[in-house]
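[1] Below is the structure, and that's it, no one-letter string:
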């Protein structure tokens, strides 16, 4: 019976750890985001693995972003501020308009007030479009390798463009 008293706490702890999932919370990626030397006020930073599969998103607010719980490895980064329908990223999907038109400014403003915090609403007022090349994992040249908590500042250059529903075809 004495052996039972000694082994029970250890056995119980091992079983409890196995059942609750004793796991590593992962690494964090954070940094600043600039376009032509100016901080971006609002947007979304996304990570894609080496297979091109989406892994995670992080909110870009007042020039800074953070993404938690990542596995170590190499990633491609994309930065988006607008959807192809002219709405700030992060809004729930809005009904599609006939002819793939952008939503009226008043409708977007109402949705922003409903779905974003006051700090995010202020940041959206000065939102800037980013060059399209940074918005797609297939063409973005933003790469990072994560090995533990990592700081990676994103410095983009070029003319910002809103993405379009039907992008022009290459000639």
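    Now that the structure is in, tell me what you want to look at. Quantities reported herein were computed from a predicted structural model and do not represent experimental measurements. Numbering: from 1, shown residues only.
[2] where along this protein do the helices fall?
    Assigned helices in the chain, in chain order: 2-20, 105-115, 118-124 (criterion: DSSP state H).
[3] what distance separates the second one from the centre of its chain?
    In terms of Cα atoms, centre = their mean, to the nearest Å, the centre of helix 105-115 is found 21 Å from the chain centre.
[4] Taking the centroid of this protein, which residue is nearest it?
    With distances taken as Cα atoms, centre = their mean, residue 57 lies nearest the centre of the chain, 2.4 Å away.
[5] Tell me how many other residues surround the nearest residue to it once chain neighbours are set aside.
    With Cβ to Cβ, 6 or more residues apart in numbering as the measure, residue 46 is the residue that lies nearest to residue 57, at 5.0 Å, once sequence neighbours are left out. Every C-beta, even on glycine, is put in place using the N, C-alpha and C of the backbone. Residue neighbour count, defined by other Cβ atoms under 10 Å, stands at 21 for residue 46.
[6] Make sure residue 46 is actually in contact with residue 90.
    No - using Cβ atoms under 8 Å as the test, residue 46 is too far from residue 90 to be in contact (11.6 Å).
[7] Hmm, residue 146 and residue 73 touching each other?
    Yes - counting by Cβ under 8 Å, residue 146 is a contact partner of residue 73 at 6.2 Å.
[8] So for these two, which residue has more residues nearby?
    residue 146 (19 against 14).
[9] Tell me who's in contact with that one.
    27, 29, 70-75 (Cβ atoms under 8 Å, 6 or more residues apart in numbering).
[10] Take those and lay them out in JSON lines including distance to residue 161.
    Putting those into JSON lines (distance: Cβ to Cβ, whole Å) gives the following:
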{"residue": "27", "distance to residue 161": "32"}
{"residue": "29", "distance to residue 161": "26"}
{"residue": "70", "distance to residue 161": "29"}
{"residue": "71", "distance to residue 161": "32"}
{"residue": "72", "distance to residue 161": "34"}
{"residue": "73", "distance to residue 161": "30"}
{"residue": "74", "distance to residue 161": "27"}
{"residue": "75", "distance to residue 161": "24"}
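[11] quick one: which of these is nearest residue 108?
    residue 29 (29.5 Å; Cβ to Cβ).
[12] Residue 136 and residue 77 touch, don't they?
    No - using Cβ under 8 Å as the test, residue 136 is too far from residue 77 to be in contact (11.2 Å).
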